[in-house]
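>>> A predicted structure for the sequence below; I have some questions about it.
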Amino acid sequence: MGQIQREELLRAGDRVGVAVSGGIDSVALLRVMIELCQELGIVLSVVHFDHGLRGAESDSDQEFVAGLAREHGLEFHAASGDVAQLASEEHSGLEAAARELRYGFFRSLLGSDEVDEIEPAFPQGLKPESSGQLDGTTEAVPFPSPTPPHILDRIVTGHTLDDQAETVLMRVIRGTGLRGLGGIYPRILVERGDEDGHGEIVRPLLGIRRWELEQYLVDLKQPWREDSTNADSKFARNRVRRLVLPLLEREFNPAVVESFSELAEIARDEEDYWENEVSGWLGTVVQWSQPEWTRGLPGFEGSQPLVQIQASQSALSPELLERLEQAGPAIMNASVSRPWLLTEPRAVQRRVVKAIGEEAGIPLEFKHVEEILRFAAEDGPSGKELSLPLGWKLRREPEAVVFVTPDLRRQERIPDYEYALAVPGRVLVPELGVVVEAVLVARQVPQEARVAEYNPQELLRAELLPGYLTVRNWRAGDRFWPAHTKSAKKIKELLQERHVDQPQRRLWPVVASREEIVWMRGFPVPARLRAEFGQEAVLIREMPWEVYDFTNL
């Protein structure tokens, strides 16, 4: 209650949906909100999303949550989505796809106009039979069609102090900046599509330990559901939860969970300050200008905003038009004063360079930022250039450094690429704007947990792979033999059959083991290389570079 009031997470009159999966945290959150709803002056309902990854167990979870809503006379909003299909389409892990669909459902209830592939699941709504005193009875009702502007004002989730500590620690282990150290934010704003204002997703339990919630439910004699995969220490978050954090508490600092949470709060405040500062710099010390190669082209006359510029279709070649219209970096140069940049503290220099990359759409890792700053500080002839990801260049001038957009007339944005990938390990592929990972999956992982966490069609047999693989775009003559096909085919033919257009087709990623291609985006791995249950496996997966910092949990 204290955190809700202190941070004004909820207000009198709010229609609040409680996200309930059936586990300890969310069920405890529901019971707490039921106790507080009259004091807070809010109207409660229950929200549940079925990921459909655990078969009958998932169905039982939804039945349990629907029963809780019925028992307490609360409206029930439920939906489901095809997580496996989305993971395959977006080349992401199941966990990331599940979160995307789940939060897409939340946003739809809050009035966002973003469209997600979610399907209402029966029962679609539960509400009290009368508008009088809640009597524990409910009836199933469909959502109105079309959906109203917004059904809820707030959605609360059951993230705890333990979740915060786990998130911060995992980001430190994987590598992160100050933004990632911010961990789980107490609130997420959700802009509405057709009216002023916004909805919010809030986390009122971030200051409470998980064991306190479990004791609370035991005292209430309130049952909950156990997700079978949460008990398996073969998954990274579970190992952090069950092995690493208890070890740190026992051997180093009994208050380590609280310490991680305090670190996250400090990082969030620091990040808020820097974001305000950087916003001012981008509008003052950074100058945006039209590239020389665009002058005279239709659609580029006069001053242009920092966006992907659309050109007149009537006067441009189809090839150039296609490159101009593809999603990608802005077609604008960015110039920053060298004297100003080099006299600022190192922290400011890094922030400015990183902000330019984010604004222009250049995926800059830490090593790129440091290389840019070294290049800017060097003495040397004017006009010297440094190559950057996605075909961008940095040109050094006497009084400035200029980020120069690639000349799309010469297809500078789509060169061949090739990177080494350790097993296990990860590598940034700037040409695609993704991080490619090779993840080891232990043979001891139970079959049902392995199926829930990974797509078996994408698991490679570890003992058949070397310690290093190669991530690259396919080349002329390359062949691949996906499982369930009669023979190997030229990759060009496979992509044509899938109707993959240029320039996406040319950049399509593959992973090679020496000369053999063992993985190809969007296709099952070869049958002879596929791992069976009980064998150690390797999962190749992609995720967008801008979210790889795991900052959006």
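Yes, it's here.
>>> switch to C-alpha atoms for all contacts and neighbour counts from now on
Noted.
>>> list the helices and strands the strand or helix carrying Gly104 packs on?
Per DSSP states H and E: Gly104 is located in helix 94-109. Other elements packing on helix 94-109 under the criterion 3 or more Cα pairs under 8 Å, 6 or more residues apart in numbering; DSSP states H and E are helix 83-90.
>>> low-confidence ranges in the stretch 201-350 of the chain?
Along the stretch 201-350 of the chain, segments meeting pLDDT under 70 span 229-235, 295-330.
>>> how about the top helix by length along the chain: buried residues?
In the chain, taking DSSP state H as the definition, the longest helix is helix 256-282. Buried residues in helix 256-282, counting neighbours by 16 or more other Cα atoms under 10 Å, are found at 256-258, 260-261, 264-265, 267-268, 271, 278, 281-282.
>>> strand partners (parallel or antiparallel) of the helix or strand following it?
Next helix or strand after helix 256-282 toward the C-terminus (DSSP H and E): strand 286-289. Sheet pairing of strand 286-289 (DSSP bridges) gives strand 333-337 (antiparallel).
>>> at which residues are the helices of the stretch 101-250 of the chain located?
Here the stretch 101-250 of the chain has its helices, by DSSP state H, counting those that start in this stretch, at 161-174, 178-181, 210-220, 236-239, 245-251.
>>> out of those, flag the one nearest Arg70.
For Arg70, the closest of the helices of the stretch 101-250 of the chain is helix 210-220, at 17.8 Å, according to Cα to Cα.
>>> report the helix or strand with the lowest average pLDDT across the protein.
strand 138-140 (a mean of 34; mean pLDDT, DSSP states H and E).
>>> on that earlier part again, turn the buried residues of helix 256-282 into TSV, columns for distance to Ala537.
Converted to TSV, the buried residues of helix 256-282 look like this (distance: Cα to Cα, whole Å):
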residue	distance to Ala537
Val256	34
Val257	33
Glu258	36
Phe260	33
Ser261	35
Ala264	34
Glu265	38
Ala267	37
Arg268	37
Glu271	39
Val278	44
Trp281	47
Leu282	46
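>>> what's the spacing between stretch 284-294 and its chain's center?
31 Å (Cα atoms, centre = their mean, to the nearest Å).
>>> pull out the buried residues from that stretch.
Those would be 286, 288-291, 294, for stretch 284-294 by 16+ other Cα under 10 Å.
>>> from these, which two are the most distant?
Maximum distance among the buried residues of stretch 284-294 (Cα to Cα): 20.3 Å, for Val286 and Thr294.
>>> tally of neighbours for Arg514?
Applying other Cα atoms under 10 Å, we find 12 residues neighbouring Arg514.
>>> also Phe105?
Phe105 - counted by other Cα under 10 Å - has 27 other residues nearby.
>>> was I right about it contacting Ala98?
No - applying Cα atoms under 8 Å as the test, Phe105 and Ala98 come out as separate, 10.8 Å apart.
>>> closest to Asn333 out of the helices of the stretch 101-250 of the chain?
Across the helices of the stretch 101-250 of the chain, closest to Asn333 is helix 178-181 (Cα to Cα), at 26.3 Å.
>>> for the stretch 401-550 of the chain, which residues score under the pLDDT cut-off?
Residues of the stretch 401-550 of the chain that meet the cut-off, pLDDT under 70, sit at 409-415, 443-455, 501-503, 545-550.
>>> please enumerate the strands of it.
Residue ranges of the strands in the stretch 401-550 of the chain, as given by DSSP state E, counting those that start in this stretch, are 418-422, 425-429, 434-441, 459-461, 468-473, 479-480, 489-490, 509-513, 516-520, 537-544.
>>> helices or strands up against the helix or strand that Gln349 is a member of?
Taking DSSP H and E as the definition, one finds Gln349 inside helix 346-360. Contact partners of helix 346-360 among helices and strands, from 3+ Cα pairs under 8 Å, 6+ apart: helix 256-282, helix 366-377.
>>> tabulate the ones you listed (a markdown table), appending distance to Arg242.
Output for these, formatted as a markdown table (distance: least, Cα to Cα, whole Å):
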| stretch | distance to Arg242 |
| --- | --- |
| helix 256-282 | 13 |
| helix 366-377 | 31 |
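>>> quick one, which of the ones you listed gets closest to Pro509.
That would be helix 366-377 among the helices and strands packed on helix 346-360, by Cα to Cα, at 22.2 Å.
>>> so which bits of that closest one are buried?
Residues of helix 366-377 classed as buried by neighbour count (16+ other Cα under 10 Å): 368-370, 372-373, 375-376.
>>> and what of stretch 180-197?
Residues 180-187, 190-193 are the ones in stretch 180-197 that count as buried (16+ other Cα under 10 Å).
>>> about what we covered before: among the strands of the stretch 401-550 of the chain, which comes closest to Ile34?
strand 537-544 (38.4 Å).
>>> output that closest one as PDB, restricted to C-alpha atoms.
Provided in PDB are the C-alpha atoms of strand 537-544 (Å, rounded to 0.1, in the frame of the first residue of the first chain):
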ATOM      1  CA  ALA A 537      21.800 -29.400 -28.100                       C
ATOM      2  CA  VAL A 538      22.700 -26.000 -29.600                       C
ATOM      3  CA  LEU A 539      20.000 -23.400 -30.300                       C
ATOM      4  CA  ILE A 540      20.700 -20.700 -32.800                       C
ATOM      5  CA  ARG A 541      18.500 -17.700 -32.300                       C
ATOM      6  CA  GLU A 542      18.200 -14.000 -33.200                       C
ATOM      7  CA  MET A 543      17.000 -11.000 -31.400                       C
ATOM      8  CA  PRO A 544      16.800  -7.300 -32.400                       C
END
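>>> tell me the strands beside it, with direction?
strand 434-441 (antiparallel), strand 459-461 (antiparallel).
>>> next, the angle strand 468-473 makes with the first one.
Strand 434-441 runs at 150 degrees relative to strand 468-473, counting by axes from the mean of the first three to the mean of the last three Cα atoms, to 10 degrees.
>>> quick one: strand 434-441 to chain centroid distance?
Worked out by Cα atoms, centre = their mean, strand 434-441 lies 15 Å from the chain centre.
>>> any idea which of the strands paired with strand 537-544 is most buried?
Neighbour counts (mean count of other Cα atoms under 10 Å) averaged over each of the strands paired with strand 537-544 peak at strand 459-461, with a mean of 24.
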